[in-house]
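> 3D, please:
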Amino acid sequence: MKKLLGSILLVLSLNTYADSREWTTEEKRWGATAVVLLAADWATTHNMTYRYNEGYYEQNPLLGRRPSTNAVNLYFLAVTPAVFLAADYFSDYRKEILQATSLIELIMVGNNLRIGLKFQF
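Sure thing, here's the model as predicted:
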């Protein structure tokens, strides 16, 4: 978790406006998709923290096998803006960053729902 926080602080310290350009309508749509899916992953992962006794466990190595609710909250509160800062900083690859984030999150949310986790904050 310390490495994650250090990495996020490093990303946040970058001058994100140095190479930035305005977001296109398509990029804004991909950004909205990414944030909705990140929130859905957050909600289902949050639900899991109350259900370890049912055999659930986290597969994200950054969080560990049984992260606390606070660790899950901190992770998503850090990762979500980090994705958008990276997308803004690397503006030539903005759409691809947001598409990759959306795809990964769609897979994670789909798996979480498939195994029985619910949307719960």
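
> compute the number of surrounding residues for L98.
25 (other C-beta atoms under 10 Å). To be clear about C-beta, it is placed using only N, CA and C from the backbone, and glycine gets the same treatment.

> that one: what secondary structure?
helix (DSSP: H, G, I helix; E, B strand; the rest coil).

> the helix ranked longest in the chain - contacts with which helices or strands?
Criterion DSSP state H: the longest helix present in the chain is helix 25-48. In terms of contacts (3 or more C-beta pairs under 8 Å, 6 or more residues apart in numbering; DSSP states H and E), helix 25-48 is packed against helix 69-89, helix 94-114.

> and that helix, which residues are buried?
Under the neighbour-count criterion of 16 or more other C-beta atoms under 10 Å, helix 25-48 has 27, 30-31, 33-35, 37-48 buried.

> now stretch 103-111
Buried residues in stretch 103-111, counted by 16+ other C-beta under 10 Å: E105, M108, V109.

> dump the residues you listed to JSON lines, plus pLDDT and distance to Y89.
Putting these into JSON lines (pLDDT from 0 to 100; distance: C-beta to C-beta, whole Å) gives the following:
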{"residue": "E105", "pLDDT": "98", "distance to Y89": "20"}
{"residue": "M108", "pLDDT": "98", "distance to Y89": "24"}
{"residue": "V109", "pLDDT": "98", "distance to Y89": "26"}
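
> for those residues, which one is nearest S91?
E105 (21.1 Å; C-beta to C-beta).

> so F119 makes contact with T45?
No. Using C-beta atoms under 8 Å, F119 is not in contact with T45, being 10.5 Å away.

> Serialize the helices and strands packed on helix 25-48 to JSON lines and add fields for distance to Y56.
Listed next are the helices and strands packed on helix 25-48 as JSON lines, based on distance: least, C-beta to C-beta, whole Å:
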{"stretch": "helix 69-89", "distance to Y56": "12"}
{"stretch": "helix 94-114", "distance to Y56": "9"}
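
> quick one: which of these is nearest L63?
helix 69-89 (5.8 Å).

> list the buried residues for the closest one?
Neighbour count says helix 69-89 has 71-76, 78-80, 82-84, 86-89 buried, by 16+ other C-beta under 10 Å.
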